[in-house]
Structure formats: C-alpha cells, structure tokens
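K.L.:
build me a structure from this.
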Amino acid sequence: MDNEKDYVDYLKRSALELRSLRRRIRDIEEQAREPIAIIGAGCRYPGGVVSRRGLWEMVAEGRDVVGEFPADRGWDVDLFDPDPAARGRSYSRWGGFVYDAGDFDAGFFGVGPREALAMDPQQRVLLEVAWEGVEDARIDPLSLRGSRTGVFAGVMYHDYMFLAATSDRSAELEGYLSAGGGGSIVSGRISYTLGLEGPAVSVDTACSSSLVTIHQACQALRLGECDLALAGGVTMLATPAMFVEFSRQQGLAPDGRCKSFADAADGVAWGEGAGIVVLERLSDAVAAGRRILGVVRGSAVNQDGASNGLTAPNGPSQERVIRAALAGAGLTARDVDAVEGHGTGTTLGDPIEARALLATYGQDRDPDRPLWLGSVKSNMGHTQAAAGVAGVIKMIEAMRHETLPRTLHVDAPSSHVDWSTGDVRLLVDRQPWKRVEGRPRRAAVSSFGISGTNAHVIVEEAPAHDVSVSTPDLVSAPAGPRLPVPWLISGRSPQAVVDQAERLRAWVDAGAGASVVDVGWSLVSSRAQLPWRSVAVVAGGGGMAEVSEPVRVRSGGTVFVFSGQGSQWLGMGRGLFECFP
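P.N.:
Residues are numbered from 1 along each chain as shown. The predicted structure follows:
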C-alpha cells in the first residue's frame, strides 16, 4: 500500500511539473512572438521631409522630389558627362538629396565647434532625428537618461572622415576625426547624448541596414535586453563616388528616377535620408497608455550564401526570408495586404524580386484581394541604409490613412515578369485600403543588401484598445468663456524659444484643431524642459494672444507655503481643475 501511495504521489508531482513546463514553454513561445509597438518616428528625406507626416504627404500627393546634384559639397562641376564610358564621371546628375544635410544645431546637444565639424553629417542628422522620434513618441528625451533603451543604427558610408582628414582644416580637427567618422559612433553618440544604457549597435548590411536594425531591435526587446529601442538608418553622400561607380557598371537611371517594377526600368537612382522608429513591447505600450502608430508582427533576416553572384539578387533566398517572417509572425501570405518592395528600378533586381513575391504572397489569395505592390523609391530615389525604415514609416502612415499611395514612373508592369503566375498588382493608381473583416490591415517591407543580406518585416495597424484614465469630465465644466491656457515653450537659447513660439503660432493659425489643453499638457509632459523658457497665453478657443519674453530658468527661494490651515471645502480641487485644466 505504501508503495502504491508513493507511486500516486509521484504521478501527481509529475503532472504538476508537466503543467508547469507547458506553461513555461507557452510563455517562451509567446515571448518570442510578442508583437512590438511602433510608438514614434523621426525622419529626414528629400523634398523637405522632416517628419513622418511630411513623408506621408509626399507619397500621398504623388510628388517626385528628385533634384540635381547639391552645389555646396565641393563636388566637381564637371562631374556630369552623358557618355557612360567617361572615366571618373557620372552620366546622371540627379538624385534624392537632403540639401540641408550639413546643418546641425551643435549647441543644442552640447557639441563644440571643432567636434561638430569633425562629425560625419550622418551622425549629426541621425542624432537630431532620434531626438525628434522620441518626442514623437510623446516621451521627454531627457527622461530616458539611465534607462534600458537600445539604439540600433544602420550606416554604410564613411567617406566624410577621409574628406575632413585631407581638407585644409585637417590640422585643427586632429584628435576628433576617429570619433567623428567612426561607424560605431553613429549609434554610440545617440546613447551617450541621451544617456541610454541599453545596447548600442551600428549595422552595415548596405541597402538592408535599417530593416536589419528593426529586426535586431525587436529581438532585443523580446529577449529583455532593453525596454525601449530606437532603430533605423542614415545615408548622406559626402562624395559622388557611388554615382561614378554605378556609371561604370551602367546601373544608374540617367534621369535619376527609380522606375520600380516598370517595363521602363533603366537603373537605380541614389538618394539620401535618415529615419528612426521608436519601439516598445506591445504589452508594455498598452499598459503605459501609449499612442501606438503600428505594430511589428514579425521579421526575418537571411543571406544569399553561395548563389548566382556576390552582388546579384537571389530569388530563392528572398522567398525564404519572406516565409521565415510569416512563420515568425504566425501568419499566412493571404494575411498580408500589401508589400513595400525593395524596387530599385534595375532590370536585374526588380524582376527577381517580383517573381519571389508572386511565388509567396501571390499564391492562394482571395479572388478580390490581390497583393498590392509599390515602392517609395519612385518618389525620392534609393536612400540606401535609410530605405527600409522609410518603407516602414510609409506603410504605418498608409494604414492610419486607410490609403495605398501610387507608385510613380510605371509605364507598364515589367515584361520580364510573368505576372499571371500569381495575384500581385502594381500600385499604378492610389487605392483605398479596406480592412478585411476579422483582421487588421497588414503590410510587409523588403530590403536586400548588395552583399546578399536580406530583410523582411511585417507590420500591422495599431490595435484598438481603451486606456482608462481617471480624470474629471471636462464637458461638465461651468458654462461660459473658457479661461486662457498657458503653453510652456523652452529652448537652449532665447532665439530657439522665439522660433518655437513662431512655429506654434503658425500651427495654430493653420487651424490644426487640437485641444489647447492637450497641447499645453503635451508641452509640459512630453517635451524636454530646457534652460530658456517662455509662456504663450492661448485663448480657450484657440489663438495665441501673447508670448512672454524668454527668460533663463534659475532656482529661487520659496514664495508661498500653504500649510493647509485654511478654509478648504469639498470639491475645491475639482473646481480648480475645471477652471485651470
């Protein structure tokens, strides 16, 4: 009997341990697949794009923002030569340029003049974009100091350091150039400036760099290596070397336009840009009451290996990375509505990519739900290490606006592709993005590096969720005119405060429509409170009545102390809140 009882006890313990193990396995599997929320974004792209909203306006309006070579970089005035065989020349003088890439508010970040001059513009621009991305996430950048926030930055060019080292000012820059031009410093400087203590990783997989960083950031968040992550990439062209290089290969589009997946495709068009997305585990973002722009459901990275050529795209590898991303997300191909393609406009790469999409996303689809295919490169050229993140920002904005923008410069779908082998259609016209019943809108973004590193990311529209906030109902406030609301404006200098006030005034005059109370709250809670400050008095109905002169903040003595020994009454605090929200 004792043996029988021991045996029963053993079975009970085993059953309990088995349940515990199953729970642990389930938790690990859920952790490995936890969706990652995109809570903010910052960017710089051609055409004067300085925000995700600006990027959306550019693609929604179908603008072509390609322009001629910049005139302020010291490039050879005789660089252009229409002869493709001309040595040391480029037969294209067009590209997607960020013409003010050299501008930098060094004082804002506490960077001295010599150090700023030695800094690669890629470092400067991405640092500014990172700050703006955090602000777009409605987080005070200074509040992240000491936090477990990671930085994952894609960068592929380092020729600025060579230019600086051989310039007529090289002597005064000695001692600054190693940090100013180092690729590792691109991510490290952001972490240093903001005081971030999560991983800081710089990545160079060429054109797939920024999409690889998003994959790595998502993995780091799921593994608990960081609680927040900034991921993206930057490309600024200090020299025209890539124009010359691809001219010799006859791989450039003469008119500087990427004709993505089009029959008229005749080469790549180089562009510049920088983009950052701010990422957080979805469960944490919901718990914190964040505004969620979109969700990363799955991602994958692979390599072509020993394929049809070191720099040649490989179709089977692209199919594998797509299937791996879908498997990681727990989705099927028909669960994705659209793909933001790599689509550089080359006669070799685009057909290979299109066939891979037809073989994966183009199969077993509902008859009235084709896969829509497009590329932002048709608007602004190939921004290289910043291309993938541009595609992600474009697609989350497309989901938010329920619209798929058209792809430019498509005369007809490429005749090098048998489009009848699957249900994939080019976005030659703007399309309404209707939600499939029972599931959210989804899109995928592809990036393929010249070294053979492929990346694929699947994004999903933000979930609908209720955030319970215990605040009084402002609708019940006493009738009558609303009292003015103070907006706190701050900056590193008096002029910065004045400029910020003017931007706010222009925004109000344009009829932005946001609640003056919400704006006042955001200026205090999600913006850094910098040394020089001013107060704008805003009428309850909108309209900035006056702005105080900027003053430098100094600690002062106590003015009043309320001891609580007065004539309080029930509801006094609520009354104050209703009058001065």
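
K.L.:
where does the protein dip in pLDDT?
P.N.:
Residues of the chain meeting the criterion pLDDT under 70: 1-2, 25-32, 465-483, 511-513, 540-551, 553-567, 576-581.

K.L.:
longest single helix anywhere in it?
P.N.:
Ordering each helix of the chain by length in residues (DSSP state H) puts helix 2-32 first.

K.L.:
okay, now the sheet partners of the helix or strand following that one, with direction.
P.N.:
Scanning forward in sequence from helix 2-32 by DSSP states H and E, the next helix or strand is strand 36-44. Using DSSP bridges, the strands paired with strand 36-44 in its sheet are strand 273-281 (antiparallel), strand 294-303 (antiparallel).

K.L.:
just want the angle from the first one to helix 2-32.
P.N.:
Interaxial angle, strand 273-281 versus helix 2-32 (axes from the mean of the first three to the mean of the last three C-alpha atoms, to 10 degrees): 160 degrees.

K.L.:
buried residues, strand 273-281. List them.
P.N.:
Neighbour-count burial for strand 273-281, counted by 16 or more other C-beta atoms under 10 Å, picks out 273, 274, 275, 276, 277, 278, 279, 280, 281. Any C-beta I mention is one placed from the backbone N, CA and C, and that applies to glycine too.

K.L.:
next secondary structure after it?
P.N.:
helix 282-287.

K.L.:
ok, the nearest residue in space to residue 294 that is not next to it in sequence - contacts?
P.N.:
In space, residue 294 comes closest to residue 396 once its chain neighbours are excluded; the distance is 3.5 Å by C-beta to C-beta, 6 or more residues apart in numbering. Remark: with contacts taken as C-beta atoms under 8 Å, 6 or more residues apart in numbering, residue 396 is in contact with 38, 41, 52, 293, 294, 459, 461.

K.L.:
can you give me the strands in the stretch 351-500 of the chain?
P.N.:
Assignment of strands within the stretch 351-500 of the chain using DSSP state E, counting those that start in this stretch yields the ranges 371-374, 403-404, 424-426, 431-432, 442-448, 453-461, 485-491.

K.L.:
distance to residue 150 for the ones you listed - can I get that in JSON lines?
P.N.:
Formatted as JSON lines, the entries for the strands of the stretch 351-500 of the chain read as follows, by distance: least, C-beta to C-beta, whole Å:
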{"stretch": "strand 371-374", "distance to residue 150": "31"}
{"stretch": "strand 403-404", "distance to residue 150": "32"}
{"stretch": "strand 424-426", "distance to residue 150": "35"}
{"stretch": "strand 431-432", "distance to residue 150": "36"}
{"stretch": "strand 442-448", "distance to residue 150": "20"}
{"stretch": "strand 453-461", "distance to residue 150": "17"}
{"stretch": "strand 485-491", "distance to residue 150": "27"}
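
K.L.:
out of the ones you listed, which one sits most buried?
P.N.:
Per-stretch averages of neighbours, counted by mean count of other C-beta atoms under 10 Å, single out strand 442-448 among the strands of the stretch 351-500 of the chain, with a mean of 29.

K.L.:
what helices or strands is that one leaning on?
P.N.:
Applying 3 or more C-beta pairs under 8 Å, 6 or more residues apart in numbering; DSSP states H and E, we find strand 442-448 packed against helix 209-222, helix 315-329, strand 338-340, helix 349-360, helix 387-401, strand 453-461.

K.L.:
partner strands of the third one, parallel or antiparallel?
P.N.:
This points to strand 338-340. strand 371-374 (parallel), strand 442-448 (parallel).

K.L.:
could you dump those strands into CSV and include distance to residue 355?
P.N.:
Conversion of these to CSV gives the following (distance: least, C-beta to C-beta, whole Å):
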stretch, distance to residue 355
strand 371-374, 12
strand 442-448, 13
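
K.L.:
coming back round to it: got the strands paired with strand 36-44 as JSON lines, with distance to residue 133 columns?
P.N.:
Written out in JSON lines, the entries for these read as follows (distance: least, C-beta to C-beta, whole Å):
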{"stretch": "strand 273-281", "distance to residue 133": "4"}
{"stretch": "strand 294-303", "distance to residue 133": "14"}
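
K.L.:
just the helices from the stretch 151-300 of the chain, written as ranges.
P.N.:
Assigned helices in the stretch 151-300 of the chain, in chain order: 159-165, 170-173, 177-181, 183-194, 209-222, 241-248, 282-287 (criterion: DSSP state H, counting those that start in this stretch).

K.L.:
please identify the buried residues of the second one?
P.N.:
Neighbour-count burial for helix 170-173, with 16+ other C-beta under 10 Å as criterion, is recorded at residue 173.

K.L.:
what's in contact with it?
P.N.:
114, 117, 118, 164, 165, 167, 180.

K.L.:
let's see it at 6 Å
P.N.:
Under the criterion C-beta atoms under 6 Å, 6 or more residues apart in numbering, residues 118, 164 lie in contact with helix 170-173.

K.L.:
with just CA atoms, put that helix into PDB.
P.N.:
Extracted as PDB, the C-alpha positions of helix 170-173 are listed here (Å, rounded to 0.1, in the frame of the first residue of the first chain):
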ATOM      1  CA  SER A 170      42.600  68.900 -41.100                       C
ATOM      2  CA  ALA A 171      45.200  70.100 -38.500                       C
ATOM      3  CA  GLU A 172      42.600  71.700 -36.200                       C
ATOM      4  CA  LEU A 173      40.400  68.500 -36.500                       C
END
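
K.L.:
shift numbering so it begins at 10
P.N.:
Let's use 10 as the start, then, which means that last one is helix 179-182.

K.L.:
distance between that helix and the chain's centre?
P.N.:
When distances are taken as C-alpha atoms, centre = their mean, to the nearest Å, helix 179-182 is centred 35 Å away from the chain's centroid.

K.L.:
next one: the fourth one
P.N.:
Computed by C-alpha atoms, centre = their mean, the separation of helix 192-203 from the middle of its chain amounts to 17 Å.

K.L.:
what's the angle between that helix and helix 218-231?
P.N.:
If you take the same axes, to 10 degrees, helix 192-203 sits at 50 degrees to helix 218-231.

K.L.:
for the strands of the stretch 360-509 of the chain, which one sits closest to residue 345?
P.N.:
Between residue 345 and the strands of the stretch 360-509 of the chain, the shortest gap by C-beta to C-beta is with strand 451-457, which sits at 4.8 Å.

K.L.:
got the angle between the closest one and helix 324-338?
P.N.:
Interaxial angle, strand 451-457 versus helix 324-338 (the same axes, to 10 degrees): 140 degrees.

K.L.:
got a list of contacts for strand 451-457?
P.N.:
With contact meaning C-beta under 6 Å, 6+ apart, strand 451-457 is reached by 217, 220, 322, 345-351, 397, 400-401, 404, 463-469.

K.L.:
now do stretch 341-351: distance from first to last residue.
P.N.:
Separation of the first and last residues of stretch 341-351 by C-alpha to C-alpha, to the nearest Å is 21 Å.

K.L.:
repeat for stretch 421-428
P.N.:
Taking C-alpha to C-alpha as the criterion, the two ends of stretch 421-428 lie 12 Å apart.

K.L.:
cool, stretch 365-378 as well?
P.N.:
First-to-last residue span, stretch 365-378, C-alpha to C-alpha: 18 Å.

K.L.:
other residues contacting that stretch?
P.N.:
Looking at stretch 365-378 with C-beta under 6 Å, 6+ apart, the contacting residues turn out to be 324, 327, 328, 331, 342, 343, 380, 430, 431, 432, 433.

K.L.:
now, among those residues, which is nearest to residue 238?
P.N.:
Residue 238 lies nearest to residue 331 out of those, by C-beta to C-beta, at 23.6 Å.

K.L.:
so the closest one makes contact with residue 465?
P.N.:
Yes: when contacts are counted by C-beta atoms under 6 Å, residue 331 is listed as touching residue 465 (5.3 Å).
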